[in-house]
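> What follows is a predicted protein model with its sequence.
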Number of protein chains: 4
Amino acid sequence: MSAARPPRPRRADFRAFEALDTRWADNDVYGHLNNVVYYALFDTAVNRWLIGAAVLDIHGGETIGLVVETACRYHAPLAFPQRVQAGLRVARIGASSVRYEIGIFRDGEDEAAADGHFVHVYVDRQTRRPAPLPADFRTALETLADQAPAASLRE
Amino acid sequence: MSAARPPRPRRADFRAFEALDTRWADNDVYGHLNNVVYYALFDTAVNRWLIGAAVLDIHGGETIGLVVETACRYHAPLAFPQRVQAGLRVARIGASSVRYEIGIFRDGEDEAAADGHFVHVYVDRQTRRPAPLPADFRTALETLADQAPAASLRE
Amino acid sequence: MSAARPPRPRRADFRAFEALDTRWADNDVYGHLNNVVYYALFDTAVNRWLIGAAVLDIHGGETIGLVVETACRYHAPLAFPQRVQAGLRVARIGASSVRYEIGIFRDGEDEAAADGHFVHVYVDRQTRRPAPLPADFRTALETLADQAPAASLRE
Amino acid sequence: MSAARPPRPRRADFRAFEALDTRWADNDVYGHLNNVVYYALFDTAVNRWLIGAAVLDIHGGETIGLVVETACRYHAPLAFPQRVQAGLRVARIGASSVRYEIGIFRDGEDEAAADGHFVHVYVDRQTRRPAPLPADFRTALETLADQAPAASLRE
């Protein structure tokens, strides 16, 4: 919309990928994925990755993630029955919050068709008060961190 | 619900399979796939199969399928992030209508977790009046027909 | 689809009504409510009525309703931004199960644009085993019961 | 999440309101509206208002709105069966784009439970190239414009 709009991210900007389906009902009256659907893809990619990393138990875990902010920019249309890949990275890990950034890619394309973020605050399931990120959770998130580990910094 | 309830279908009862994702938002407050979601899976499986068979053009085709009846029986719960397979068969091919039957299977299980059907009436995109099934469409559907092709009948 | 298809129900065939919105994303690529959406309307109408009758507590109740069967027939198209009314009746109350029947009506029309049913089995939230319907729940359901008024009342 | 987070908007910050339903399936496994649902509410409120103002014809209009950016901040949980009101205002009207801002309010509350925006670019239905906003459309949008009434008008 303006000169200040950040460029479309590329696959190399992300640390992990999840393959995702589209559904018939995702297409709206204009024949493309409705803008709402992208958030369903974001949610699915992040939560599936966390479950796969064995750090999220949506049924019994003591800590649950509440979403406090989400956003998406749409660059190119997608449509059922395309399959897509969601690229994931973590841009900030706070005491009890995480900012996830996601790119949605079409097969064989290097520039994201859409990209966005959402911010989770982790809270105690019962009290719904912010809770420190569990250690194993933080360790898993660091593998998604949006920083190339500079070898010299490790010496 | 009663002695008359037909048995759960098995994988061998279907002619083609489509792999399908579940999504985070599919789980309802009780922690399992909401009953509505199964119909989104049915729609997706059938339409993706038809598009893959090159007999459905959802954007420009002259004939479109309108749904006149759907039903589903739920046998065992499913939950995100499970992936499932949809088994497909065609139980009846009329002049302008088709009855699709679908089973939803969990990985490694032979009995369907859910099964259902929907009846499409094919209509002209503009007039919305029933239209004869195109010949290539009928040929494709016959590969899903719910009948073991008896060799003797073909001689 | 056949001579045996039951007629479209009318408003007088139902015992209670819930007003429901449609949403932008409900319209599919063909410009009408996707077939899946009707089940979201069914679910919403029945659960909202039960909550309004103070016999369903979705967060803390000991008994929860699991859906074992649903079906819908589609008679006339609906489209966002139409508002609709859902007519409700109960066709059968068993020891631990209920068959709800629903008609979806457009403003000012007496014949249903769609009608369907779903069967709930009520189970213990923890064990997920069938549980007898609580007495207050049964009493509420009886006000929705699909019973012909006693002949004596008509005289 | 930080000192810089803008305050929650209030009802007086919006120019028009649309009443919206929630649905049973909107509640996720944590018992509250899933973050995705808010965007379905945004879309519904804006498009319903535009249709009500007789400046959007989703089926036949020559100009259609494509979403290029959306965002939402979540302040307080909502849950089915609550009904909500969506407050609408327009923050910027460009040659062919519009920034809509939306607040979601619970009954009887003056601070928004969530607020967000989305940016539409209006394009020709066939070419999908940006098109100037039609004059009647622009006139309607100006009634939603987020501008303090000129002081002279108040005298």
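Thanks, I have the structure now. Numbers count the residues shown, from 1 in each chain, chains lettered A, B, ... in the order given.
> phi, psi of the residue nearest the centre of chain A?
The centroid of chain A falls nearest to residue A:102 when counting by CA atoms, centre = their mean (4.0 Å). Backbone torsions of residue A:102, given as degrees, to the nearest 10, read phi -130, psi 140.
> Determine the set of other helices and strands touching the helix ranked longest in chain A.
Longest helix in chain A by number of residues (criterion: DSSP state H): helix A:35-52. In terms of contacts (3 or more CB pairs under 8 Å, 6 or more residues apart in numbering or on different chains; DSSP states H and E), helix A:35-52 is packed against strand A:16-20, strand A:63-74, strand A:84-93, strand A:97-106, strand A:114-124, helix D:35-52. From N, CA and C alone the C-beta is placed, and that goes for glycine too.
> need the ones you listed in a markdown table with mean pLDDT, can you?
What follows is the helices and strands packed on helix A:35-52, written out as a markdown table (pLDDT from 0 to 100):
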| stretch | mean pLDDT |
| --- | --- |
| strand A:16-20 | 97 |
| strand A:63-74 | 93 |
| strand A:84-93 | 97 |
| strand A:97-106 | 97 |
| strand A:114-124 | 94 |
| helix D:35-52 | 95 |
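> Ok, which of these comes nearest residue B:43?
Minimum separation from residue B:43 across the helices and strands packed on helix A:35-52 (CB to CB) falls at strand A:16-20, 17.0 Å.
> May I see the buried residues of that closest one?
Neighbour-count burial for strand A:16-20, counted by 16 or more other CB atoms under 10 Å in any protein chain shown, picks out A:16, A:18, A:20.
> Pick the one among those residues closest to chain C.
residue A:20 (17.8 Å; CB to the nearest CB).
> which one among the buried residues of strand A:16-20 gets closest to chain B?
residue A:20 (6.1 Å).
> was I right about the closest one contacting residue A:86?
Yes: taking contacts as CB atoms under 8 Å, residue A:20 lies within contact range of residue A:86: 5.7 Å.
> any shared contact partners between the two?
Residues touching both residue A:20 and residue A:86 (CB atoms under 8 Å, 6 or more residues apart in numbering or on different chains) are A:41, A:44-45.
> which SS state does the nearest residue to residue A:93 once chain neighbours are set aside fall under?
Of all residues not flanking residue A:93 in the chain, residue A:141 sits nearest, at 5.4 Å (CB to CB, 6 or more residues apart in numbering or on different chains). In three-state terms, and counting by DSSP: H, G, I helix; E, B strand; the rest coil, residue A:141 is helix.
> where does residue A:141 land on pLDDT?
On pLDDT, residue A:141 comes in at 94.
> burial measure for it, as a count.
By the measure other CB atoms under 10 Å in any protein chain shown, the count of residues near residue A:141 is 18.
> Residue A:12 belongs to a helix, doesn't it?
Yes: counting by three-state DSSP, residue A:12 is located in a helix.
> Any idea how many residues pack against it?
Counted with other CB under 10 Å, residue A:12 comes out at 8.
> what do you get for residue A:82?
Counted with other CB under 10 Å, residue A:82 comes out at 15.
> returning to that earlier point: now, among the buried residues of strand A:16-20, which is nearest to chain D?
residue A:20 (13.9 Å).
> Report how many residues lie close to residue A:57.
By other CB under 10 Å, 12 other residues sit near residue A:57.
> now it, what's its secondary structure?
Going by three-state DSSP: residue A:57 is coil.
> do the same with residue A:6
With three-state DSSP as the basis, residue A:6 sits in coil.
> Please point out which parts of stretch A:106-122 sit buried.
By 16+ other CB under 10 Å, the buried positions in stretch A:106-122 come out as A:106, A:112-122.
> Equivalent analysis for stretch A:73-80, please.
Under the neighbour-count criterion of 16+ other CB under 10 Å, stretch A:73-80 has A:73-75, A:78-80 buried.
> Export those as a markdown table, with columns for distance to residue B:53.
Putting the buried residues of stretch A:73-80 into a markdown table (distance: CB to CB, whole Å) gives the following:
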| residue | distance to residue B:53 |
| --- | --- |
| A:73 | 35 |
| A:74 | 30 |
| A:75 | 31 |
| A:78 | 22 |
| A:79 | 18 |
| A:80 | 16 |
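> Quick check: which of these are also close to chain D?
A:73-74 (CB under 8 Å from any CB of the partner chain).
> Pick the one among the buried residues of stretch A:73-80 closest to residue C:28.
Of these, the one sitting nearest to residue C:28 (CB to CB) turns out to be residue A:80, at 10.0 Å.
> Skipping adjacent residues, who's closest to the closest one in space?
Closest to residue A:80 by CB to CB, 6+ apart is residue A:22, at 4.3 Å.
> try residue A:134
Closest to residue A:134 by CB to CB, 6+ apart is residue A:63, at 6.3 Å.
> same deal with residue A:5?
residue A:73 (7.6 Å).
> since we're on the closest residue in space to residue A:82 that isn't next to it in sequence, how many residues are nearby?
Distances taken as CB to CB, 6+ apart place residue A:22 nearest to residue A:82, at 5.6 Å, with adjacent residues excluded. Using other CB under 10 Å, residue A:22 is surrounded by 20 other residues.
> Over to residue A:24?
Count around residue A:24 with other CB under 10 Å applied: 24.
> Report the contact partners of it.
A:80-81, B:40, B:43-44, B:47-48, C:28, C:34.
> how big is the angle separating the longest helix of chain A from strand A:63-74?
Using axes from the mean of the first three to the mean of the last three CA atoms, to 10 degrees, one finds that helix A:35-52 and strand A:63-74 are set 140 degrees apart in direction.
> In CSV, please show the C-alpha coordinates belonging to helix A:35-52.
Provided in CSV are the C-alpha atoms of helix A:35-52 (Å, rounded to 0.1, in the frame of the first residue of the first chain):
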residue,chain,number,x,y,z
ASN,A,35,-8.8,-13.7,4.2
VAL,A,36,-10.0,-15.4,7.4
VAL,A,37,-8.6,-18.8,6.4
TYR,A,38,-5.0,-17.6,6.6
TYR,A,39,-5.3,-17.3,10.3
ALA,A,40,-6.7,-20.8,10.5
LEU,A,41,-3.5,-21.9,8.6
PHE,A,42,-1.3,-19.9,11.0
ASP,A,43,-2.9,-21.4,14.1
THR,A,44,-2.7,-24.9,12.7
ALA,A,45,1.0,-24.6,11.6
VAL,A,46,2.2,-23.2,14.9
ASN,A,47,0.2,-25.5,17.1
ARG,A,48,1.0,-28.6,15.1
TRP,A,49,4.7,-27.7,15.2
LEU,A,50,4.6,-27.3,19.0
ILE,A,51,2.7,-30.6,19.4
GLY,A,52,5.3,-32.3,17.2
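> Quick check: residues of chain A near chain B?
A:20-25, A:27, A:31, A:40-41, A:43-44, A:47-48, A:51-52, A:58-59, A:80-81.
> residues contacting residue A:56?
Residue A:56 neighbours (CB under 8 Å, 6+ apart): A:47, A:50, A:65, A:137.
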